[in-house]
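Undergrad: only the shape, not the letters, is given here:
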């Protein structure tokens, strides 16, 4: 589609059309800004600001065909503003040449900065018309026709100025300029980093990005609120369909409207949401998924420790909070896989500990299985940055939270997976007496000996042995972990899981080794493993 038609569609509020305009003109704008500023990082900032200004001013453009020249004027205006600020601050050119380190050693970074300074100084010595054309040509390989369109020049003039640039920058100097500009050009995903607000309501903002390059959950985004001359920070908590991400604010969002520009630098947030913001997020995001006039209904997962110790509510909410390296994202995605087709579903609020992003291997696997880190059938998931001190008791006080699943690093260290702490986890079904009396009684009986499972010799007394068997019985293979554990996932019904817990506590299975209960399913599999262990122990 030609630029004129794209501009016409964008003037009517078509965000996809303006995203395509951004992709087409980002490299020319960057090269032009570099030619004016002679600073790579400031040039990238200017281009972002120019596209924001262009979006808000697009309706004032009378002739869509004049967009290239009109946009060039915006870039020039933004660049001159930076130049004026630079002069007022009286900073030397070298002070604006800092480049991202990218993990280089200090001496290598110093060498890179020196080379960039030499190249930008060389560019600065060229006559302005020649400098503009030369920079545009060597940034992302802009064609002569693209440059002519952007600068409103005949192609022959562009070619003549390129020839003049080659004459002025002969031999090794031209090669150094070309190599440096290509090495520090605008990121390929620059256009994909620019999104538009498609919905804004109390405490929630939805932003449209390129569907092929969405920001990850827990990414920090910046909304450019030009009318109020401010930047508003929001956090991605959920990925929706069609390239839309759902965000919650980390600062006030009053006045944000549809169409505002949103920028993503790919940074993970560093500070957890405050209690007030979290309360509001749970209230707004979970929504009225369960009819208020119907009693809570148990939602069976087939995960033994959950169904017995912290059962879920159909159509309810669950908070999953894990310590560092306790497998929070694995538990969340296993729930998505098991419950995605269940009527009523569930809303999961996952509190990921700092610096514990979901593993890339799992993300790739989820994509193959159809899970996007946000929605899976009737299950919706929201990711927040958690804190180590967020206990089950604290999370249980959040409004609308029916179940809290607390994950323990201590259990991971002794090989109990999932690492769900049966003592720290909570369920409203149990607390309010909404399960069968026999279920509630079993839970109370399980909780009594479990503290004795840790430490000591397993044969010290029968109570400890039974506690250790229950602890190992709650270990269970997951479906999403099959590529890593090499064991098929298993499902155990709630009635069977409760019955086995009672039998262990009653001493029915005292004759079976505790290892038979570890990482298995129901009773038939436990007995089969016990037979295998018995056979293997014979000489």
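TA: The structure has been received and is ready for your questions. Worth saying up front: this structure is predicted, and the values here are computed from it rather than measured.
Undergrad: beyond the longest strand seen in the chain, next helix or strand please.
TA: Longest strand in the chain by number of residues, with DSSP state E as the criterion: strand 230-239. The element immediately downstream of strand 230-239 (helix or strand, assigned by DSSP states H and E) is strand 244-249.
Undergrad: paired strands for that next one, with orientation please.
TA: In the sheet, strand 244-249 lines up against strand 204-208 (antiparallel), strand 230-239 (antiparallel) (DSSP bridges).
Undergrad: could I get the buried residue list for the longest strand of the chain?
TA: Under the neighbour-count criterion of 16 or more other C-beta atoms under 10 Å, strand 230-239 has 232, 234-239 buried. Using the backbone N, CA and C atoms, a C-beta is placed for each residue, glycine as well.
Undergrad: which ones are touching residue 516?
TA: Going by C-beta atoms under 8 Å, 6 or more residues apart in numbering, residue 516 touches 526-527, 529-530, 533.
Undergrad: in JSON lines: the residues you listed, plus neighbour count.
TA: Below are these laid out as JSON lines (neighbours: other C-beta atoms under 10 Å):
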{"residue": "526", "neighbour count": "20"}
{"residue": "527", "neighbour count": "14"}
{"residue": "529", "neighbour count": "19"}
{"residue": "530", "neighbour count": "18"}
{"residue": "533", "neighbour count": "13"}
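Undergrad: among these, name the ones in helices.
TA: Among these, the members falling in helices (DSSP state H) are 526-527, 529-530, 533.
Undergrad: hmm, residue 488 and residue 482 touching each other?
TA: Yes. Assessed by C-beta atoms under 8 Å, residue 482 is found in contact with residue 488 at 6.1 Å.
Undergrad: do you know how far residue 422 is from residue 125?
TA: 72 Å (C-beta to C-beta, to the nearest Å).
Undergrad: the two - which one has more neighbours?
TA: It is residue 422, of residue 422 and residue 125, that has more neighbours when counted by other C-beta atoms under 10 Å, with 21 against 9.
Undergrad: would you verify that that one is located in a helix?
TA: No. Residue 422 is assigned coil when assessed by DSSP: H, G, I helix; E, B strand; the rest coil, not a helix.
Undergrad: what's the closest non-adjacent residue to it?
TA: Leaving aside its sequence neighbours, residue 422 sits nearest to residue 309 (C-beta to C-beta, 6 or more residues apart in numbering; 4.1 Å).
Undergrad: one more: residue 341?
TA: residue 377 (5.4 Å).
Undergrad: what's residue 517 in contact with, if anything?
TA: 469-470, 472-473, 504, 509, 526 are the contacts of residue 517 under C-beta under 8 Å, 6+ apart.
Undergrad: keep only those of the residues you listed that are in helices.
TA: 469-470, 472-473, 504, 526.
Undergrad: could you pull out the strands in the stretch 151-300 of the chain for me?
TA: Applying DSSP state E, counting those that start in this stretch to the stretch 151-300 of the chain gives strands spanning 194-201, 204-208, 219-225, 230-239, 244-249, 261-268, 298-299.
Undergrad: could those be laid out in a markdown table, adding mean pLDDT and distance to residue 83?
TA: As requested, the strands of the stretch 151-300 of the chain are arranged in a markdown table below (pLDDT from 0 to 100; distance: least, C-beta to C-beta, whole Å):
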| stretch | mean pLDDT | distance to residue 83 |
| --- | --- | --- |
| strand 194-201 | 86 | 24 |
| strand 204-208 | 91 | 32 |
| strand 219-225 | 85 | 21 |
| strand 230-239 | 87 | 22 |
| strand 244-249 | 90 | 34 |
| strand 261-268 | 80 | 22 |
| strand 298-299 | 94 | 61 |
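Undergrad: now for these, which one comes closest to residue 442?
TA: Closest of the strands of the stretch 151-300 of the chain to residue 442 is strand 298-299, at 14.1 Å (criterion: C-beta to C-beta).
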